[in-house]
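*Asks:* Sequence below, structure please.
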Amino acid sequence: MGFFDKFFKKEKKEDLDKGLEKTNTNFLSKISKAVAGKSTVDEEVLDELEQVLISSDVGLDTTIKIIERIEARVSKDKYVGASELHGILREEIVKLLAETNENDMEEYAPPTGVKPYTILVVGVNGVGKTTTIGKLAYQYRMAGHKVVIGAGDTFRAAAVDQLKIWADRVGCDFYSKGMHTDPAAVAYETVNYAMENDCDICIVDTAGRLHNKKGLMEELSKIKRSMGKKLEGAPHDVMLVLDATTGQNAIEQCRQFSEATEVKSLALTKLDGTAKGGVAIGITDQFQIPIKYIGIGEGIHQLQIFNEKAFVDSLFNKSDTTLK
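*Replies:* Purely as a prediction, here's the structure:
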């Protein structure tokens, strides 16, 4: 690994640590209180730990799963004390995340033999969907790929203009039919544009009205079908963008969108703005959908490929016990 590779890897780790700082501070301080003055990991400690996980928006079902695994470890290996519990918790969260997140991708590159690689981006208004699309296009452009963005959100005021600004900023191609046009037609024609113009990546935006609106969900299904008509297998990824600051509401959004269309991956935004980053653990476990990207800042480069070990390392932020 060259000097610049090491530099950028270190910079990404620092960004991740900073992005999860609020969650880290909240999480570790609560764990410390839970085990304060305790010499053994007893039922009271586990009850306290359960409350810590739930209050960090890990979710009840996932919390119970983690606690049961810790109980089994404590019973088998006879671990005692705060430091041992700390290590067990880290290991079990990594294992849990790894069960769903088998993403070994370290760079922004489409799967071999897939061109154009098509991504349908869904999510409600306000979660950072447009920004995520722009940052994603930027990362692919920096990796040397030709990208086109399709403006499929044809109903929200200025949505098309905002996406065009991102495309210009990133230096990628842009396809639009303007406002108040058929989103499914935009999706179909964006894929066609990508094929005709030798694009490597095709990203299609969608409207983000409230997730409990039946019409929106039917529309997403129509858009997905239209892309598949133009290119077999498209969209290759249906990515749901969720705002981490909304906590349990993000889980409800995931449930609704999963019922409307086959969500294949998640992008979790605004992790730097919340102390409840534990939602990342619960949401991927509950729905068995991998987190592909996380937003950890406002900078154009601050969309990172999700890595469960790096995430947990920053969550606990103990440099002397960095996971290998």
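*Asks:* for the stretch 201-324 of the chain, which spans come out with low pLDDT?
*Replies:* The stretch 201-324 of the chain contains residues with pLDDT under 70 at 210-214, 318-324.
*Asks:* Helices of the stretch 151-300 of the chain, start to end?
*Replies:* Taking DSSP state H, counting those that start in this stretch to define them, one finds helices in the stretch 151-300 of the chain at 159-170, 183-196, 214-230, 248-260, 279-287.
*Asks:* And those: which comes nearest Lys18?
*Replies:* Closest to Lys18 of the helices of the stretch 151-300 of the chain, according to C-beta to C-beta: helix 279-287, at 16.2 Å. To be clear about C-beta, it is placed using only N, CA and C from the backbone, and glycine gets the same treatment.
*Asks:* C-alpha coordinates for the closest one, CSV please?
*Replies:* Extracted in CSV, the C-alpha atoms of helix 279-287 (Å, rounded to 0.1, in the frame of the first residue of the first chain):
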residue,chain,number,x,y,z
VAL,A,279,-30.4,2.3,14.4
ALA,A,280,-27.9,1.0,11.8
ILE,A,281,-27.6,-2.3,13.7
GLY,A,282,-31.3,-2.8,14.2
ILE,A,283,-32.5,-1.9,10.8
THR,A,284,-30.1,-4.2,8.8
ASP,A,285,-30.8,-7.0,11.2
GLN,A,286,-34.5,-6.7,11.3
PHE,A,287,-35.0,-6.5,7.5
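*Asks:* Report the separation between Ala185 and Gln288.
*Replies:* To Gln288, Ala185 is 33 Å away according to C-beta to C-beta, to the nearest Å.
*Asks:* Show the contacting residues for the residue most central in space within the chain.
*Replies:* Centroid-nearest residue in the chain, with C-alpha atoms, centre = their mean: Ala267, separated by 2.7 Å. By C-beta atoms under 8 Å, 6 or more residues apart in numbering, the residues touching Ala267 are 121, 132, 136, 239-242, 291-295, 303.
*Asks:* What segments of this structure are strands?
*Replies:* All strands of the chain, identified by DSSP state E, fall at 117-122, 147-150, 173-175, 201-204, 237-243, 265-269, 291-295, 303-305.
*Asks:* what's the most buried one of the ones you listed?
*Replies:* Comparing the strands of the chain by mean neighbour count (mean count of other C-beta atoms under 10 Å), strand 201-204 comes out on top with a mean of 30.
*Asks:* Excluding chain neighbours, what is closest to Ala151?
*Replies:* Leaving aside its chain neighbours, Ala151 sits nearest to Ser176 (4.0 Å; criterion: C-beta to C-beta, 6 or more residues apart in numbering).
*Asks:* any idea how far that neighbour lies from Asp57?
*Replies:* Applying C-beta to C-beta, the value for Ser176 to Asp57 is 37 Å.
*Asks:* which of the two has more neighbours?
*Replies:* For the pair Ser176 and Asp57, the greater number of neighbours falls to Asp57 (27 against 21), based on other C-beta atoms under 10 Å.
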